[in-house]
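Undergrad: Test case, fold it:
(2 chains)
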2 protein chains.
Amino acid sequence: VTHPDLPTRLRGVVGDGGLVTDPEGMRGYLTDWRGAYSGTAALVVRPGSTAEVAAVVRICRELGVALVPQGGNTGLCGGAVPDSSGRQVVLSLDRMRRIRAVDPVNQTITVEAGAVLQTVQEAAAAVGRLFPLSLGAEGSCTIGGNLSTNAGGTGVLRYGTMRDLTLGLEVVLPDGEVWHGLRGLRKDNTGYDLKQLFIGAEGTLGVITAAVLKLFPAVRSRATAWVALPSGGAAVELIGVFQELCGDRLTGFEVMSRQSVDFVLRHQSGARDLFAAVHPWYALVELSDTLPDAALDELLERGLAEAFDRSAAEDAVVASSPSQVAGLWALREGISEAQNYEGPSLKHDVTVPISSIAAFVEATDRALGDAVPGIRIVTYGHIGDGNLHYNLSKPEGSEDADFRARADELARIVYDSTRSFDGSISAEHGLGQSKAGIIADYKDAYELQLMRGVKELFDPAGLMNPGKVLPLG
Amino acid sequence: VTHPDLPTRLRGVVGDGGLVTDPEGMRGYLTDWRGAYSGTAALVVRPGSTAEVAAVVRICRELGVALVPQGGNTGLCGGAVPDSSGRQVVLSLDRMRRIRAVDPVNQTITVEAGAVLQTVQEAAAAVGRLFPLSLGAEGSCTIGGNLSTNAGGTGVLRYGTMRDLTLGLEVVLPDGEVWHGLRGLRKDNTGYDLKQLFIGAEGTLGVITAAVLKLFPAVRSRATAWVALPSGGAAVELIGVFQELCGDRLTGFEVMSRQSVDFVLRHQSGARDLFAAVHPWYALVELSDTLPDAALDELLERGLAEAFDRSAAEDAVVASSPSQVAGLWALREGISEAQNYEGPSLKHDVTVPISSIAAFVEATDRALGDAVPGIRIVTYGHIGDGNLHYNLSKPEGSEDADFRARADELARIVYDSTRSFDGSISAEHGLGQSKAGIIADYKDAYELQLMRGVKELFDPAGLMNPGKVLPLG
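TA: This is a model prediction of the structure:
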């Protein structure tokens, strides 16, 4: 189905161990982690070095074969899954997982794209530093995938997205050349900041092979609270109280609708409601500090007292042990899994300006309820970034298929509402294949034209992850 | 010297008040603030709105006239100064200085490119927020210039450069189209992050007309110390002590060689040495906090005690009043002016990884001393970013002209040393016209080729600030 010389040519670069051609061995590379996207491939190639990646890219370019770069395959939009033609090659970075250097004084770590996020967190901790990117898939996702999707997660509020955590990149471009941009500098104003183009490009402009990432001082105090809120809008008031009081100590602020928590209480073993009353929204508030004796519990109480005064909170629990902290985070992190027990889960990952959150949630909930009476709306996320996961479950007792059939219509409702509040239809998951088509309806035509120009400049043959981010043709 | 229809066509867009054609009126636009770069121009055009900027760009494109976008004209590399042909048009943003919106809840401010930095700082403070970009020229420089040079300054350690402070841009591209990227979102992963290309591009890819910038909670406690150091390398140790202890509270860390301080003591009225002994290096340490009662003096003392234990400090003074704080900052900020009294000042603005600072300073000082015995090296800067201003004054009693004649040779010494420590030859000043030629010797040829590709993609006619950033032809 693809060029007959391809396997031999690639084997010459990566050896037998670097090539997977049997269906059994390829299986794990052809379907994403959740099983939401599947494709086929001519073969899977696993280069062991940057030079090998470059050689693979040159061969594929010469033979006109499209490449799909892949990291941990944990993405939510199918960006790392090949199409169904069987003509594409999956380029897995899973053999390039070295930590090349750790420099605690420069507060940087240099890692290969295939390194698993958790490994990087651990390497930083081993020298008394923090690598703050944190997300559900951290035990499986890789730095290359984190870079290519500009990953977010729970630490963005204080530390920013992957883009903010990146100082330098090494990239193999579609022409097979290596761009050596692995700089560990905090300031460098010597022309266009090319690395920014590859971050968040989902492998459509080249293959990221390594990165220099920022480290931070280790955190030595932490305090965590679970707060019951009178409304979604109150979350915005509450985060304002903590930001003004605590500044950078506020390192976590997650919100969850009652529906989200309900599902966890129903399906997560050991989960229990922390309050006697039912509240419409909840927040998980985390303070942290480099000082070992930072008295954060007191500060948390001080913020909560002000929140009660302002009617921004109805009830609160401050965790008093590590196991309580873990329990609170389990309530938040269990939402996605718990929702799976309730039938199909239609996921949307959006941002709006924080000042519009209350009005946005009200308008969107109303529009969804009008479209599907009884729809269960599982809204939760990182409200300090204006980022809500607007997930939907079918009305109780209705058919899965009926609900799934309305997925596009319901997505349009969420996205149209997002647009009317000047928001983005992909906050932290990227576009992948799932939104590469729809984005044309939500992005300014001129901006899309500029994006196409960039794509054509870097990848004129269109062989680098085609069909992702931008629609084909 | 340029197209005969140009003045009439432009007057039709911007009116009489928007056009400057007389030599007297143009003078201030043709020479930078320091008087280091001068040029001539066909005329100066001062559009009053984004639509007018777009119309001006379209007319100039049609008539084949090159444009030089200009903000406060305070840049240090001549990036906003026209060439000497008399054929270029200066496009000044000085009539577009509106603050379009302030959103304290979203922690954003939307401003036009011609707004003066200090005005933006004040507008943020008026709603209890901080806009943290801070630099010497803040009373004159504009947001458009700050964006176009990715400005740094003294707040980068905690808050990052202008790039890190920017959420959205509005840009008129060289084709005269307006890109409406004025988003106030903390997360938006819907394709290539185009705004990153315009930040730091020094007006070579388009004209930035407005931006959405990040705000932060107001700071309500502050503590400042002046610390005598045994060596430049000790500054790296000292900053490590404060970062590990204080984390994000460390918002300022400036270092100065004794030579730098000597010049200030000699030329700044009222300046006095804070210690009886002479020390080779000094640091200015600033802690700040959102808490009004943060006890930062205690924390500063705690850090200093540890620094003394580790022999990273020889003496220290903690400021006990706002006027003492101002006096310490005056010592730091007076260096550049004081140096002017000592003959020509050859300025270099470089970064290296922080872990290499000590070795870099030692090697560079030695090479400079070998080349010019008696040379006076005025090194100071933002060491937390690895950024040193490596400025040079002639040996005492020597001729200005002799020293000036060796400017290129001495720059090469600084830059070659910077390169050998994997550094950058422009940390925060950009390339402008002063380094647009030399950068080809210090940047990877492939990276330059990619930069040229981007330039040609956006500005195929080469009419947008030609000769800046990239060499002509």
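Undergrad: List the buried residues of stretch A:41-56.
TA: Counting neighbours by 16 or more other CB atoms under 10 Å in any protein chain shown, one finds that the buried residues in stretch A:41-56 are A:41-48, A:50, A:52-56. No exception for glycine: its C-beta is placed from N, CA and C like everyone else's.
Undergrad: what do you get for stretch A:314-328?
TA: Of the residues in stretch A:314-328, A:314-316, A:318-319, A:325, A:327-328 count as buried by neighbour count, 16+ other CB under 10 Å.
Undergrad: quick one: terminal-to-terminal distance for it?
TA: Taking CA to CA, to the nearest Å as the measure, stretch A:314-328 stretches 17 Å from start to finish.
Undergrad: Can you pull out the low-pLDDT segments for the stretch 351-473 of chain A?
TA: Within the stretch 351-473 of chain A, the set of residues satisfying pLDDT under 70 is empty.
Undergrad: And the strands in it?
TA: Counting by DSSP state E, counting those that start in this stretch, the stretch 351-473 of chain A has strands at residues A:376-382, A:387-393.
Undergrad: Present those as JSON lines; the columns should include distance to chain B and mean neighbour count.
TA: Below are the strands of the stretch 351-473 of chain A laid out as JSON lines (distance: least, CB to the nearest CB, whole Å; neighbours: other CB atoms under 10 Å in any protein chain shown):
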{"stretch": "strand A:376-382", "distance to chain B": "8", "mean neighbour count": "23"}
{"stretch": "strand A:387-393", "distance to chain B": "5", "mean neighbour count": "24"}
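Undergrad: So for residue A:150, which of those strands sits nearest?
TA: Comparing the strands of the stretch 351-473 of chain A against residue A:150 with CB to CB, the closest turns out to be strand A:387-393 (12.5 Å).
Undergrad: Does anything pack onto the closest one? Which helices or strands?
TA: For strand A:387-393, the contact count by 3 or more CB pairs under 8 Å, 6 or more residues apart in numbering or on different chains; DSSP states H and E identifies helix A:335-340, strand A:349-351, helix A:357-371, strand A:376-382 as packing neighbours.
Undergrad: Relative to residue A:17, which of those is closest?
TA: Closest of the helices and strands packed on strand A:387-393 to residue A:17 is helix A:335-340, at 35.1 Å (criterion: CB to CB).
Undergrad: Give me the average confidence score over that closest one.
TA: Per-residue pLDDT values over helix A:335-340 give a mean of 93.
Undergrad: before we move on, back to that, so for residue B:405, which of the helices and strands packed on strand A:387-393 sits nearest?
TA: For the helices and strands packed on strand A:387-393, the distance to residue B:405 is smallest for strand A:349-351, at 56.3 Å, taking CB to CB.
Undergrad: And chain B, is that closest one touching that?
TA: Yes: remark: strand A:349-351 sits within contact range of chain B at residue A:351, by CB under 8 Å from any CB of the partner chain.
Undergrad: buried stuff in that strand?
TA: Going by neighbour count (16+ other CB under 10 Å), the buried part of strand A:349-351 is A:349-351.
Undergrad: Repeat that for stretch A:210-219.
TA: For stretch A:210-219, burial by neighbour count (16+ other CB under 10 Å) applies to A:210-217, A:219.
Undergrad: what does stretch A:441-452 give?
TA: Per 16+ other CB under 10 Å, stretch A:441-452 contains these buried residues: A:442-443, A:447-448, A:450-451.
Undergrad: Looking at the strands of the stretch 351-473 of chain A, which is nearest to residue B:358?
TA: With CB to CB as the criterion, residue B:358 lies closest to strand A:376-382 of the strands of the stretch 351-473 of chain A, at 40.0 Å.
Undergrad: elements contacting that closest one?
TA: Counting by 3+ CB pairs under 8 Å, 6+ apart, the elements that strand A:376-382 packs against turn out to be strand A:250-257, helix A:258-267, helix A:335-340, helix A:357-371, strand A:387-393.
Undergrad: restrict the buried residues of stretch A:441-452 to those near chain B?
TA: Filtering the buried residues of stretch A:441-452 for proximity to chain B (criterion: CB under 8 Å from any CB) leaves A:442-443, A:447-448, A:450-451.
Undergrad: Quick one: mark the members of the residues you listed that sit in helices.
TA: When DSSP state H defines the helices, the subset of those inside them is A:442, A:447-448, A:450-451.
Undergrad: what secondary structure does residue A:12 sit in?
TA: Reduced to three states with DSSP: H, G, I helix; E, B strand; the rest coil, the structure at residue A:12 is helix.
Undergrad: one step back: which of the buried residues of stretch A:314-328 fall in helices?
TA: The subset of these located in helices under the criterion DSSP H comprises A:325, A:327-328.
Undergrad: closest to residue A:275 among those?
TA: Once CB to CB is applied, the member of those that ends up nearest residue A:275 is residue A:328, at 12.7 Å.
Undergrad: follow-up on the earlier one: ok, the ones in helices among the buried residues of stretch A:314-328 vs chain B, which is closest?
TA: Ranking those by separation from chain B, with CB to the nearest CB as the measure, puts residue A:325 on top at 19.6 Å.
Undergrad: Can you tell me how far the closest one is from residue A:283?
TA: Between residue A:325 and residue A:283 the computed distance is 15 Å (CB to CB, to the nearest Å).
Undergrad: Next, the contact list for the closest residue to residue A:142 other than its chain neighbours, please.
TA: Setting aside the residues directly before and after it, residue A:142 is nearest to residue A:71 in space (CB to CB, 6 or more residues apart in numbering or on different chains), at 3.5 Å. Contact analysis of residue A:71 by CB atoms under 8 Å, 6 or more residues apart in numbering or on different chains lists A:80, A:92-94, A:113-114, A:141-146, A:148.
Undergrad: Helices - which of those residues land there?
TA: With helices taken from DSSP H, the overlap with those comprises A:143-146, A:148.
Undergrad: In three-state terms, label the residue nearest the centre of chain A for me.
TA: Taking CA atoms, centre = their mean, the centroid of chain A lies closest to residue A:151, which sits 3.9 Å from it. Here residue A:151 is coil, with the state taken from three-state DSSP.
Undergrad: where's it relative to chain B, distance?
TA: Distance from residue A:151 to chain B, counting by CB to the nearest CB, to the nearest Å: 9 Å.
Undergrad: For that residue, which non-adjacent residue is spatially closest?
TA: Excluding its sequence neighbours, the residue lying closest to residue A:151 (CB to CB, 6+ apart) is residue A:162, at 4.7 Å.
Undergrad: again with residue A:232
TA: The shortest distance from residue A:232 to any residue that is not its chain neighbour, by CB to CB, 6+ apart, is 4.4 Å, and that residue is residue A:361.
Undergrad: tell me the contacts of the one you found?
TA: Each residue near residue A:361 by CB under 8 Å, 6+ apart is listed here: A:232-233, A:379, A:388.
Undergrad: Please work out the average pLDDT along stretch A:233-241.
TA: Averaging pLDDT along stretch A:233-241 yields 96.
Undergrad: what about that stretch, near chain B?
TA: Yes: if you take CB under 8 Å from any CB as the test, stretch A:233-241 does meet chain B, through A:236, A:240.
Undergrad: Any chance you could list what contacts that stretch?
TA: A:227, A:229, A:250, A:253, A:255, A:281, A:283, A:285, A:303, A:306-307, A:310-313, A:354-355, A:357-358, A:361, A:383-384, B:105.
Undergrad: can you do 7 Å?
TA: Outside of stretch A:233-241, the residues within contact range by CB atoms under 7 Å, 6 or more residues apart in numbering or on different chains are A:227, A:229, A:253, A:255, A:281, A:283, A:303, A:306-307, A:310, A:312-313, A:354, A:357-358, A:383-384, B:105.
Undergrad: Perfect, I'm done here.
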